[in-house]
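[1] Okay, sequence plus prediction incoming.
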Amino acid sequence: MRIDQEKCVGCERCVSYCPVGAIHVRKDGGKTKKRSWIDEDECVECGVCLRANVCKPEAIYLPELGWPRIVRRAFSDPMVEHKETGVPGRGTEEMKTNEVTGRFKRGSWGMAVEVGRPGVGARLKDLETIAMALAEKGILFEPKNPVMFLFEDPKTGKLKPELREEKVLSAIIEFVVKPHQLKDVFEVLRKASERVETVFSVDLISFPDEKEFALGVAREMGFPVYPNGKVNLGLGRVLNR
Ligand code: SF4
Ligand code: SF4
């Protein structure tokens, strides 16, 4: 996103809308007139400042985004649909739709690592750090997730190199774990947390009658757990009985 410096009147209305604090105000050439500008390295192209529609002189505009910058918008703007999956936002329906998708069956758990959050964001190199560590343990990533298209090699979790410094609000790595893998996966995530420069949270999703075992492992490994049920209301048929 950019701000047309000729049009901006420095009213600062847009500043508080930016979830990553990328909009700054400066005095113009030491004079009293202020103008806002966007730190393009920090901007994740979420579009919030533009959609807020608070800029009376219409100084905020979206320039054409090429590769690899377009990836920022794809993962950060909830109005943009990922062409690979047809799902907007982070581009995945996640395991909360498991009744329909059947991504994981009894005797295994769905896991997701949500890398980055509004207010912090994430460089994709941090996603790569986590993905490569998981791949080393033999984890296979969910194919219907747009993150898969960022990898140079989905089997190793290695990213296309030009994407490593790109910043997004958040992205999700999804996979299925078997009981014997769970401790290893938690250990990998704990170690990865010391190497990344952003926040991540871990989702562990089970059938209700299998949750105690999964929660027990998480607690044993020292992870704070916050068990929640998730109820999706809709007219979808349950296909994964
Ligand atoms: S597009 Fe999003 S991240 Fe970029 S300046 Fe606007 S609000 Fe901030
Ligand atoms: S709202 Fe528009 S005019 Fe006001 S500071 Fe932001 S870009 Fe400039």
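    Cool, got the structure. Ligands and ions are numbered 1, 2, ... in the order given.

[2] which residue ranges form the helices in this structure?
    Remark: helices assigned in the chain by DSSP state H are 48-51, 70-76, 98-101, 124-136, 182-193, 211-220.

[3] Worst mean pLDDT among these?
    Here the lowest mean pLDDT among the helices of the chain goes to helix 98-101, at a mean of 71.

[4] returning to that earlier point: turn the helices of the chain into TSV, columns for distance to P63 and mean neighbour count.
    (C-beta placed from N, C-alpha, C; glycine too.) Below are the helices of the chain laid out as TSV (distance: least, C-beta to C-beta, whole Å; neighbours: other C-beta atoms under 10 Å):
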stretch	distance to P63	mean neighbour count
helix 48-51	11	19
helix 70-76	11	23
helix 98-101	37	16
helix 124-136	21	22
helix 182-193	34	17
helix 211-220	44	15
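
[5] Ligand 2 is nearest to which of those helices?
    helix 48-51 (7.4 Å; C-beta to the nearest ligand atom).

[6] packing partners for that closest one?
    Using 3 or more C-beta pairs under 8 Å, 6 or more residues apart in numbering; DSSP states H and E as the contact criterion, the elements in contact with helix 48-51 are strand 60-61.

[7] Just give the strands next to the strand it packs on in its sheet, each with its orientation.
    strand 2-3 (antiparallel) (DSSP bridges).

[8] re the thing from before, take the helices of the chain and write them to JSON lines, including distance to P161.
    JSON lines is the format used below for the helices of the chain (distance: least, C-beta to C-beta, whole Å):
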{"stretch": "helix 48-51", "distance to P161": "29"}
{"stretch": "helix 70-76", "distance to P161": "13"}
{"stretch": "helix 98-101", "distance to P161": "32"}
{"stretch": "helix 124-136", "distance to P161": "10"}
{"stretch": "helix 182-193", "distance to P161": "20"}
{"stretch": "helix 211-220", "distance to P161": "34"}
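
[9] can you tell which of these is closest to R13?
    helix 48-51 (9.5 Å; C-beta to C-beta).

[10] Is the closest one positioned near ligand 2?
    No. Judged by C-beta under 6 Å from any ligand atom, helix 48-51 stays clear of ligand 2, getting no closer than 7.4 Å.

[11] How about the residues of this protein by ligand 1?
    1, 17-18, 20, 22-23, 38, 43-49.

[12] hmm, 8 Å instead?
    Residues of the chain lying close to ligand 1 by C-beta under 8 Å from any ligand atom are 1, 14, 17-23, 38-39, 42-50, 52, 60, 62, 76-77, 169.

[13] and the gap between the residue lying closest to V44 once chain neighbours are set aside and A171?
    Sequence neighbours aside, S76 is the residue nearest to V44 in space, at 4.1 Å (criterion: C-beta to C-beta, 6 or more residues apart in numbering). Per C-beta to C-beta, to the nearest Å, S76 is found 9 Å from A171.

[14] which strands and helices sit next to the lowest-mean-pLDDT helix or strand in the chain?
    Scoring the helices and strands of the chain by mean pLDDT, DSSP states H and E places helix 98-101 at the bottom, with a mean of 71. Other helices and strands packing on helix 98-101, by 3+ C-beta pairs under 8 Å, 6+ apart, are absent; none qualifies.

[15] Can you show me the CA trace of that helix as CSV?
    Extracted C-alpha coordinates of helix 98-101, given in CSV (Å, rounded to 0.1, in the frame of the first residue of the first chain):
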residue,chain,number,x,y,z
ASN,A,98,-13.3,-31.9,9.6
GLU,A,99,-16.9,-33.3,9.8
VAL,A,100,-17.0,-32.6,6.1
THR,A,101,-13.4,-32.8,4.9
